[in-house]
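Undergrad: sequence-free structure coming up:
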């Protein structure tokens, strides 16, 4: 038994850390957040060239076919540098296609998605938003999907309907996108209106993509773990140097307790995330509840970490100039994406109790 | 507008403080807790002589007829010294009789209850316990009432049944008491089994005693406020003198924060309690929700205060010798008595939202 | 205990209500929203203050001789609550009215009172405060902005941060160090500084919300005449601390009403979103309602105590801790009820109440930092109220 | 990452399970409950330890040469979890097995190893620890129990508190001050003290639960031969600190299983009390389940790290904080689910599970105090893990 990364997983993580921190310095992230799409084609191409866009696609279709623990390790690093744009949505959508499409469709679609030449996202929520797949009510492909991540820069939208899973051309006929400006500016949301939109049916049953959504949830948790670690690091660094009353504020017990609680939360988030990835990878019977454990725990832990980070900074934590708020905004978006804590706790009650 | 005690209310409080602290020193309380009933006839008589047992009975029937803010002020002092035995149950039960009985019954019953010659308690909960009066299911007077406070030392039990409110002789035919030993040893609970027990019908509708239960709830809150104040005082005193690492532990920020939070909780409990008493006294439309605000807030605030008190004491807080646990036990009993926080929050939602 | 308003308090309240009915346009918010530009918006608010002043409702707590009406603390609370309840515009001269004015009345010279007070009331002159510095936040007494005497002027150099209304202000109540050799709480002086003086530079300070509610002030060889010292030279800590205590004690009254109104709105939203029947949501709402009630009752008790002859003391930290942490819990709860819609910002057709909830969610993080962090407030309670040793 | 047990780990587990099936009476708890008197109960448990020893399962982590089996950390965790899962009796010599034994193996002389180790394993001799004192709790290094050299003996005087198994112990690992002039972390020495020595007085220490789980030890001119020094004279802090770190790191493994079993029971109770359909209760239970899972996963990660060659370090405080505070939240939740029945104590016909929940509720308060308070654990994380300045 070994709860830790294997050598090859460490290798993946290290190269992710190197790549993302070199290519996505925070100034670049801030610049992208101010753009309409938070997406830069050149950067996306670079990211794709390293294979990161095809992490969840099997090698047979041109992807990296990484195991999910490795993908999580890479996404933790992406979260640490707050990689903006459609990476997470793309990984989730491609996992969905890989999971539910026919062999023919996979061979047709996946290679270009693996190389990042094409970008995909997925659409679940409707005006009365629920992450319960049984609540999907929109007929194919007629109506509105809301809160769709990064739709504006994608080619395809994996769309859940009451008639099953459809692949819809994001720029095709009968598809209208409306921006939904939100707190987290690093990942833009859109409303997608379908009006007799032609779609390629990938599966007749939405349950075929439940696993892909669980993968997406887990990768979101991995990102957030990286973000929590970064907030902790920034904060510890600040309180070591910031002085009040003649000493570093980190020498005051109340500030140390804020930091200690961030540490406990961050390490716990990491444990929960890696286990969820492992359980999915191994198809353990408790995989779904492991994902819900991670998501519901981290919803609270990330908020605590963000709150403490701002608080420990004092006034400086409340400024635009300080990077904490970028992570804080993402933590807010995290809370509801892929289902909020109440949703996942109810799911635990159903699956595990 | 004046949110504070009037001169006469201050007078009542001061004489309560003087009396209870003189007559119920903690050693005496501990001694009584170890007895079967936590009741001492001599002490009860002394207490009654001062009029405290008749506080909620109108002067016309031989009581003190105090306004409820005064009664709350007195009970805060009783709570501070952890007065054991049937005082709270008696005040609640006599308020119920005063509220719902006929003139003839009041004249017959109340004078002896006002002088403490007779003692009363009340019975609401059944094996499937609920404080919702609509859930009272026991027929008159046949079945079981549980968690009845101090029944073993009383003469009467004001018994809620689905046929209305009955006064039952605690020692009469068809009434069997079984002790229910519990955490708070200062106030003993009994199961009361009724088997064709003769009872005097006081009211046909249990709602006639809802106000009396709200009064009981408020007095329980007042007691708990006094208990919280006492836990705070004991703790502050201890951390000023206890030294570790070369200084009083009260000089450490984490210990100060524990105490500061106790202070906020205690002051807030006091505000909520006095307003509930005032609102009941003035028959304000928001009186019931004010009671539920106090009860639900203090359930959490008292637990926090108890937890912090023990924690700030370190190992000493975990000993039998330290008085904190006596208050802590009462805080535990407080949580469910007269309805727990979930019950009262639902009541707020119904009444105020 | 008597929570009814006295006849004179009732008269005060009804008079104010009548005045508001006569003078506050019911569609002012729509009018205001149409005004373009920060300065023009500010002038609208200044005109409102002038109206309030003309009606005799500005600086009501000030003594009559200085243009106030010597209102009791209860009347002040009534005023704050009624203004909030009516949704009236903010008074842009609030810092002058609530903080600088009263401090000047206590510590100012006759000439200063003559020069400043009337214009504070009318809104003709707007005041800001220069207290915090980059290296003097919680440790305010560590401030480094200096003033050195040069003939009949002080020469001021240094930097202030977190100054509300800095960009709009005509004058600044500035705390400076006049004796660098004295212990840090000694050697401070309060200067009344003309913001149009050469060498004063006002820059926007952008918050995490994206707004620039505050400014940074830079002072480079700014000359301030000695007659603009407020109180005595090197006694600035005592002059300034009264202002801070007052801020802590009274800030809560308006906020209480604002949170209560927001709460009523979120109950409405819960109902319209079909969530009000959900037991989990009901628990959250009821718990929040109870917290708001407790805040209100705590404040009433505190004001009653002050009305009985107390001045705002360190126990004001109880109110500060309570409202700031409550507002954070409340905003979080609001987000939970709104679900994914809660994150949408101003300008989205899908956002609820045009994204004000998103802004409020972020803004609430500042509550436990501004006007003294929660950490400092707890240590103030520990040391000054409970008598524990100083721990910082 | 591989959470499957390796073939050898599986073999270890299955061997233990088989041994437990063969040797642990399924109705031992009923048998045990019938035994009257603390001493007789203790002898029952001692006989159990002897059985475990004879089966080769005592002190599994000890090197083979000293009678252990050199089990890996993962095997130790398996052992703890399996024993807890089977509901096996506690080993009354736990302090010797887990703390004193390993410390003696590291620091002891050949003679000490010869004299003590085998009897620790078999339960023939029971050990306690004398660490905390009335004035040395969080500040352990401030301890005042003295030992002065008198020929070939130390003369010990002082008092210890919070000693588990003090009343049953044959020997005590005692930390004493041997050099009163040295800085407080220096000048300490660990002595191995025969509890039957004249001048040793053991008194029960009653906890808030009403039980006397701990003892106070009083030492009056107790003579301890110099050959009973463990490690070097005046190096006692280094000898003792390893024991403490080990305690923090490994205490959680058994507790995790105990809480998990309690949790399963409370789910059952929620169902039988008709509360499992209530959405509020479901949320509470699920949140608690998630917390328990996170605790388990945190522990697995920590043990894996230790298995990769680490020794227990200050990050063990993460586990200590997590399990202690989780258990308190769990007990509170259990109370909320049981409603008024939760308060009933042992002996009431109405109590649930004979009042064990009530006891557990009170007992849990000690969790954030014993083995280092939550405050100290957070400051350890701040200073030793995050590198912040020392703050106490």
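TA: Yep, that arrived. Quick caveat, the model's predicted, so the values are computed rather than measured.

Undergrad: Return the list of helices and strands in contact with the helix or strand of chain C with the lowest mean pLDDT.
TA: Across the helices and strands of chain C, mean confidence by mean pLDDT, DSSP states H and E is lowest for helix C:236-272: a mean of 84. On a contact count with 3 or more C-beta pairs under 8 Å, 6 or more residues apart in numbering or on different chains; DSSP states H and E, helix C:236-272 meets helix C:73-85, helix C:101-107, strand C:171-177, strand C:188-194, helix C:279-307, helix C:316-338. To be clear about C-beta, it is placed using only N, CA and C from the backbone, and glycine gets the same treatment.

Undergrad: would JSON lines of the ones you listed with mean pLDDT, distance to chain B and mean neighbour count be doable?
TA: As requested, the helices and strands packed on helix C:236-272 are exported to JSON lines (pLDDT from 0 to 100; distance: least, C-beta to the nearest C-beta, whole Å; neighbours: other C-beta atoms under 10 Å in any protein chain shown):
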{"stretch": "helix C:73-85", "mean pLDDT": "87", "distance to chain B": "5", "mean neighbour count": "20"}
{"stretch": "helix C:101-107", "mean pLDDT": "93", "distance to chain B": "22", "mean neighbour count": "21"}
{"stretch": "strand C:171-177", "mean pLDDT": "97", "distance to chain B": "26", "mean neighbour count": "26"}
{"stretch": "strand C:188-194", "mean pLDDT": "97", "distance to chain B": "26", "mean neighbour count": "24"}
{"stretch": "helix C:279-307", "mean pLDDT": "94", "distance to chain B": "4", "mean neighbour count": "22"}
{"stretch": "helix C:316-338", "mean pLDDT": "96", "distance to chain B": "5", "mean neighbour count": "22"}
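
Undergrad: Save those as TSV, and put in distance to chain A too.
TA: TSV is the format used below for the helices and strands packed on helix C:236-272 (distance: least, C-beta to the nearest C-beta, whole Å):
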stretch	distance to chain A
helix C:73-85	24
helix C:101-107	23
strand C:171-177	16
strand C:188-194	16
helix C:279-307	6
helix C:316-338	7
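
Undergrad: Quick one: neighbours of residue C:20, just the number.
TA: Counted with other C-beta atoms under 10 Å in any protein chain shown, the neighbours of residue C:20 add up to 18.

Undergrad: quick one: pLDDT of the closest residue to it other than its chain neighbours?
TA: Counting by C-beta to C-beta, 6 or more residues apart in numbering or on different chains, residue C:20 lies nearest to residue C:86, which is 4.9 Å off, once chain neighbours are set aside. For residue C:86, the pLDDT comes out at 91.

Undergrad: List phi and psi for residue C:130.
TA: phi -110, psi 90 (degrees, to the nearest 10).

Undergrad: Am I right that residue A:192 sits in a strand?
TA: Yes: when DSSP: H, G, I helix; E, B strand; the rest coil is applied, residue A:192 is found to be in a strand.

Undergrad: Helix, strand, or coil at the closest residue in space to residue C:383 that isn't next to it in sequence?
TA: The shortest distance from residue C:383 to any non-neighbouring residue, by C-beta to C-beta, 6+ apart, is to residue C:390 (5.1 Å). Of the three states, residue C:390 takes coil under three-state DSSP.

Undergrad: Tell me if I'm right that residue C:390 and residue C:380 touch.
TA: No: counting by C-beta atoms under 8 Å, residue C:390 does not reach residue C:380; the two are 10.1 Å apart.

Undergrad: So for these two, which residue has more residues nearby?
TA: residue C:380 (24 against 11).

Undergrad: Secondary structure class of the nearest residue to residue A:316 once chain neighbours are set aside, three-state.
TA: Using C-beta to C-beta, 6+ apart and skipping the chain neighbours, the partner closest in space to residue A:316 is residue A:322 (5.6 Å). Following three-state DSSP, we place residue A:322 in the coil state.

Undergrad: tell me the contacts of residue A:322?
TA: A:313, A:316, C:208 (C-beta atoms under 8 Å, 6 or more residues apart in numbering or on different chains).

Undergrad: Out of those, which comes closest to chain D?
TA: residue A:313 (14.4 Å; C-beta to the nearest C-beta).

Undergrad: residues in contact with that closest one?
TA: By C-beta under 8 Å, 6+ apart, the neighbours of residue A:313 are A:235, A:238, A:239, A:242, A:322, A:324.

Undergrad: Mind jotting down where the helices sit in the stretch 251-353 of chain A?
TA: Secondary structure of the stretch 251-353 of chain A (DSSP state H, counting those that start in this stretch): helices at A:253-281, A:287-313, A:324-336, A:341-352.
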